[in-house]
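Chemist: Any chance you could fold what I've pasted below:
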Amino acid sequence: MKTLTLLRHAKSGWDDLVPRDFDRPLNGKGKRAAETVGRHLRAERLGFDHVVASPAVRVVETLEHISVGLGETLAPAWDRRIYLASASTLLEVIHELPPEADRVLLVGHNPGLEDLVLALVPDRAEDRLRDDVEMKFPTASLAELRFETGGWDTVAANAATLVRFTRPRDLDPTLGPDVL
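Modeler: A predicted model of the protein is given here:
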């Protein structure tokens, strides 16, 4: 069995004047959310054999703040293909994951992550978690998928079970959408 946890980067700042989208940093709420998610990972004892991530600034900073909450440093393999990747590109990255890794964390961006979950998890009427992902995959959210397979190279559409979908607001209501 293989377990893939998808993490969308935390909330970034659109007010920062940076020359490229790639360079956008996290805002204050994003930093708080990432640390909260890190504490949640520690409380749930969710560990990873391998981490692969987009090298975008907001992903790098998300992982730094996740590490603070988690209490350990995550050392990802940086993969430029993940930056703003489509679901099909993300699936290529998954197919190339180290075969010995059973629990992998992939950190990236939307809409690719959301589309990937919707492609890998069958659409069943009773699957509330999948419905929640389809409604919105907010920043700093985690989706944990399990595959009854021995190798990452065989991961395919409709082959996953979505066992967890955790949004920052599920952990701390103040991290939910801003009320106007």
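
Chemist: Pull out the buried positions in the top helix by length along the chain.
Modeler: In the chain, assigned by DSSP state H, the helix with the most residues is helix 28-43. For helix 28-43, burial by neighbour count (16 or more other Cβ atoms under 10 Å) applies to 29-41. Yep, even glycine has a C-beta here, placed from its N, CA and C like the rest.

Chemist: before we move on, what about stretch 4-19?
Modeler: For stretch 4-19, burial by neighbour count (16+ other Cβ under 10 Å) applies to 4-12.

Chemist: what's the answer for stretch 97-105, then?
Modeler: 97, 101, 103-105.

Chemist: before we move on, back to that, can you add pLDDT and give the buried residues of helix 28-43 back as CSV?
Modeler: Formatted as CSV, the buried residues of helix 28-43 follow (pLDDT from 0 to 100):
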residue, pLDDT
29, 95
30, 96
31, 97
32, 97
33, 97
34, 98
35, 98
36, 97
37, 98
38, 98
39, 98
40, 97
41, 97
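
Chemist: okay, among those residues, which ones form the most distant pair?
Modeler: Spanning the widest gap among those are 29 and 41, at 18.7 Å by Cβ to Cβ.

Chemist: Can you add distance to residue 118 and give the buried residues of helix 28-43 back as TSV?
Modeler: Converted to TSV, the buried residues of helix 28-43 look like this (distance: Cβ to Cβ, whole Å):
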residue	distance to residue 118
29	26
30	24
31	28
32	28
33	23
34	24
35	28
36	25
37	21
38	26
39	28
40	23
41	23
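
Chemist: Just give me the closest of those residues to residue 58.
Modeler: With Cβ to Cβ as the yardstick, the closest approach to residue 58 among the buried residues of helix 28-43 comes from residue 30, at 7.4 Å.

Chemist: count of residues packed around residue 54?
Modeler: Other residues near residue 54 number 26, with proximity taken as other Cβ atoms under 10 Å.

Chemist: average pLDDT for the helix or strand harbouring residue 170?
Modeler: Remark: residue 170 resides in helix 168-171, with elements defined by DSSP states H and E. In this model, helix 168-171 has a mean pLDDT of 96.
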